[in-house]
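Participant: output the structure for:
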Amino acid sequence: MKELYLIVPFAPLLGAIVAGLGGKRIGNAGAHSVTIFAVLLSFLCSCVIFADVLNGNSFNGTVYTWLTSGETRFEIGFLIDRLSALMMVVVTFVSLMVHIYTIGYMHGDPGYQRFFAYISLFTFSMLMLVMANNFVQLFFGWEAVGLVSYLLIGFWYTRESAIYASLKAFLVNRVGDFGFLLGIALILMHFGTLDYQAVFSQAPSLASGMTLICLLLFVGAMGKSAQFPLHVWLPDSMEGPTPISALIHAATMVTAGIFMVARMSPLYELSETARSVVLIIGSITALSMGLVALTQYDIKRVIAYSTLSQLGYMTVALGASAYSAAMFHLMTHAFFKAVLFLAAGSVIIALHHEQDMRRMGGLRKHMPWTYWTLLIGAISSAGIPGFAGFYSKDAIIEAVQGSTTPGHLFAYLCVLSCVFVTATYTFRMVFMAFHGEPRFDKAHPPHESPVVVTAPLVLLAIPSIIAGYPVGKMVFGDYFASSLVQTTEQWHGIWAYTVHGLMAWPFWLAVAGIVTAWYLYLKQPQLPKRIAIKLGPLYALVERKYGFDELYAWLFAGGARNLGRGFWRAGDQTVIDGLMVNGSARVVGWFSGVARLLQTGLVNTYAFLMLFGVLIGMSWVVWRFWHG
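Facilitator: Numbers count the residues shown, from 1 in each chain. Below is the predicted model:
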């Protein structure tokens with residue numbers, strides 16, 4: 001079984017190397033073949049490991065010792081339990097679907113081979129993160145997904161907007177990673193080890209200092225999982241090709257922060273203050289980003305802000321100590337968000353890279369496979385009973401309602417309100433893009449995407465329906481008992497849970513959201529503009545994403561430029577050039593000018609100076625004699 005543990009992460013790495021360095025010798029077909037085979041192999045091995053873990057087996061051991069410093073060992077090691085096994089299956093399955101989909105989406109792109117190398121490397125990085133059994137390997141995977149995301153967001157590097165977006169993602173994540181690294185340093189300082197199990201076993205003895213460690217670790221999660229106020233990079237990640245948007249948002253980078261906090265649940269349970277901060281940050285992110293999605297017209301940006309909102313749900317669950325519910329929603333979200341993104345990409349292909357929903361409409365007849373799969377993803381995202389998103393989202397809402405963490409009432413109101421908002425913006429997208437009168441160029445009517453694009457949509461739509469059915473075992477049962485801190489909840493079966501959901505507030509709020517979207521964007525399409533005018537500054541504030549982009553551009557980017565300009569003018573020009581370099585030259589020149597006045601070459605001048613010197617010397621002697 002240990003050989004399979006090694007194959008899971010290193011098969012995609014080998015595929016990335018071959019695709020990236022193979023060049024013309026393997027061509028485009030060779031690049032996608034080797035990477036797809038590598039990820040398929042990784043997925044099959046993950047399924048075998050998952051089955052083995054369900055049978056009660058687990059693994060926690062060192063694969064390679066990188067270096068030893070004193071008594072501290074820096075190692076590469078794997079922790080294979082039910083949490084990591086679930087993540088391995090989700091990451092490899094979604095990545096496999098994205099790899100297959102990419103064949104159709106990136107066809108004809110000059111960077112075809114490079115893209116396959118990048119996404120395979122991305123898969124390797126995320127697998128190393130989720131399989132880690134120590135903070136060194138966790139940090140390696142953490143930084144690796146950040147690096148590859150920078151390369152993928154800026155994949156079309158000839159576009160200025162792509163360069164800006166990739167730099168924005170890189171820099172914002174450096175802010176979060178600084179806090180994350182400080183948290184790891186504190187763990188090493190207090191515990192003398194970076195091994196998970198050793199830290200968890202010693203943690204209760206340091207309960208008083210755990211708040212700072214947990215908050216610093218969460219700063220890293222805020223960057224990676226795009227939580228307020230470090231959320232600004234994620235919507236701009238849409239500048240990369242659509243397949244990588246699906247991979248980043250569904251199964252890899254942005255879920256890393258959620259996974260990390262869940263893995264660190266033994267630490268977070270020791271600090272109510274840290275959990276309260278996590279709860280409040282998540283609730284603000286969930287509702288505020290959902291409202292922004294209501295104002296967007298770029299189909300990919302609507303889904304991007306949906307991701308921010310759903311990540312807020314997961315973070316709220318972490319703050320409410322519902323770690324299993326957070327991970328369950330991470331899993332269901334991976335499926336329905338991947339199908340939403342890839343379906344949006346199918347639309348973009350059909351409309352010749354048009355992304356504005358105001359230039360769509362009536363696509364249902366032209367793209368039935370894309371429509372039905374996207375509709376399944378939308379229903380699941382809205383939280384309609386019977387679909388995966390309902391079971392995980394309702395589990396979070398119930399956990400927050402019953403939580404005792406300070407701020408739980410505020411969080412409950414936010415996530416409950418967000419149910420209506422989520423259903424509204426999700427079906428706003430469905431109605432604007434696929435229903436109503438066609439608004440695209442009728443001279444070039446769209447057509448359904450090829451099978452290589454639609455097949456992954458179908459395969460992802462299936463778990464978007466059924467992935468919620470194990471909610472009893474995963475959330476209310478003992479599935480995560482050996483991996484996460486558990487909370488006890490009553491469970492009466494999947495049927496009772498579904499029926500209860502049909503009578504609860506979240507379901508009716510979701511229905512109200514769908515009806516609102518239908519009325520505003522199909523029955524009365526002129527109303528949204530009138531409402532926006534009525535709301536005036538409030539609507540403008542939300543549409544401009546609350547001004548965070550402008551604020552950060554002025555405060556941090558502008559502040560850095562002003563600081564650099566100040567160092568240049570005051571430091572370089574005034575002190576270094578003006579005082580030290582040119583100043584020393586002027587002093588030497590002044591002394592030279594004085595000396596030049598004395599060295600005239602005239603005998604009478606020299607005689608006068610000699611007599612003047614003698615006079616001064618005699619005066620000094622007389623003064624000493626008189627006062628002696």
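Participant: packing partners of the longest strand along the chain?
Facilitator: Scanning the chain for the longest strand, with DSSP state E as the assignment, gives strand 59-69. Packed against strand 59-69, as judged by 3 or more Cβ pairs under 8 Å, 6 or more residues apart in numbering; DSSP states H and E, are the following elements: helix 2-22, strand 72-80. For glycine as for every other residue, the C-beta is placed from the backbone atoms N, C-alpha and C.
Participant: low-confidence ranges, this protein, go.
Facilitator: In the predicted model of the chain, residues 486-490, 598, 628 satisfy pLDDT under 70.
Participant: coming back round to it: the longest strand of the chain pairs with which strands, parallel or anti?
Facilitator: Strand 59-69 has the following strand partners under DSSP bridges: strand 72-80 (antiparallel).
Participant: other residues contacting the partner strand?
Facilitator: 5, 49, 53, 58-68, 84, 131-134, 136-137, 140, 188, 192-197 (Cβ atoms under 8 Å, 6 or more residues apart in numbering).
Participant: between the biggest helix by length in the chain and strand 72-80, how many degrees?
Facilitator: For the chain, the longest helix by residue count, based on DSSP state H, is helix 160-191. Orientation check (axes from the mean of the first three to the mean of the last three Cα atoms, to 10 degrees): helix 160-191 against strand 72-80 gives 110 degrees.
Participant: next helix or strand past helix 160-191?
Facilitator: helix 196-202 (DSSP states H and E).
Participant: helix or strand right after that next one?
Facilitator: helix 210-224.
Participant: could you export that next one as CSV, CA atoms only?
Facilitator: Taking C-alpha atoms only, helix 210-224 is exported to CSV below (Å, rounded to 0.1, in the frame of the first residue of the first chain):
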residue,chain,number,x,y,z
MET,A,210,-2.9,28.7,21.4
THR,A,211,-5.0,31.7,20.4
LEU,A,212,-2.1,33.5,18.7
ILE,A,213,-1.0,30.4,16.9
CYS,A,214,-4.5,29.7,15.6
LEU,A,215,-5.0,33.3,14.5
LEU,A,216,-1.7,33.3,12.6
LEU,A,217,-2.5,30.1,10.9
PHE,A,218,-5.9,31.4,10.0
VAL,A,219,-4.3,34.5,8.4
GLY,A,220,-2.7,32.0,6.0
ALA,A,221,-6.1,30.4,5.4
MET,A,222,-7.7,33.9,4.7
GLY,A,223,-5.2,34.4,1.9
LYS,A,224,-5.4,30.9,0.3
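Participant: need the contact partners of the following helix or strand past that helix.
Facilitator: Once helix 210-224 ends, the next helix or strand along the chain (criterion: DSSP H and E) is helix 233-236. Helix 233-236 has contacts (Cβ under 8 Å, 6+ apart) with 153, 164-165, 168-169, 172-173, 226, 249, 254, 301, 304-305, 307-308, 545.
Participant: where do the helices sit along the stretch 401-550 of the chain?
Facilitator: 408-434, 451-466, 471-474, 494-502, 505-518, 527-535, 537-543, 548-552 (DSSP state H, counting those that start in this stretch).
Participant: restrict the fifth one to CA atoms and write it as CSV.
Facilitator: Taking Å, rounded to 0.1, in the frame of the first residue of the first chain, the C-alpha atoms of helix 505-518 are listed here in CSV:
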residue,chain,number,x,y,z
TRP,A,505,-36.5,28.3,6.3
PRO,A,506,-33.5,27.6,4.0
PHE,A,507,-35.6,25.8,1.5
TRP,A,508,-38.3,28.4,1.3
LEU,A,509,-35.6,31.2,1.1
ALA,A,510,-34.0,29.3,-1.8
VAL,A,511,-37.4,29.0,-3.6
ALA,A,512,-38.0,32.7,-3.0
GLY,A,513,-34.6,33.4,-4.6
ILE,A,514,-35.4,31.3,-7.7
VAL,A,515,-38.8,33.0,-8.1
THR,A,516,-37.2,36.4,-7.6
ALA,A,517,-34.6,35.7,-10.3
TRP,A,518,-37.4,34.4,-12.7
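Participant: helices and strands around that helix, which ones?
Facilitator: Against helix 505-518 (3+ Cβ pairs under 8 Å, 6+ apart) you get helix 368-382, helix 388-401, helix 408-434.
Participant: now the helices and strands packed on strand 59-69 in a markdown table, with mean neighbour count?
Facilitator: Listed next are the helices and strands packed on strand 59-69 as a markdown table, based on neighbours: other Cβ atoms under 10 Å:
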| stretch | mean neighbour count |
| --- | --- |
| helix 2-22 | 19 |
| strand 72-80 | 19 |
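Participant: confirm residue 600 sits in a helix?
Facilitator: No. Counting by DSSP: H, G, I helix; E, B strand; the rest coil, residue 600 is located in no helix; its state is coil.
Participant: residues near it, how many?
Facilitator: Using other Cβ atoms under 10 Å, residue 600 has 11 other residues around it.
Participant: what of the one 3 residues further on?
Facilitator: As a burial measure, the neighbour count of residue 603 was computed by other Cβ under 10 Å and equals 8.
Participant: give me the phi and psi for it.
Facilitator: phi -60, psi -40 (degrees, to the nearest 10).
Participant: cool, residue 576 as well?
Facilitator: Dihedral angles (degrees, to the nearest 10) for residue 576: phi -70, psi -60.
Participant: good, we can wrap up now.
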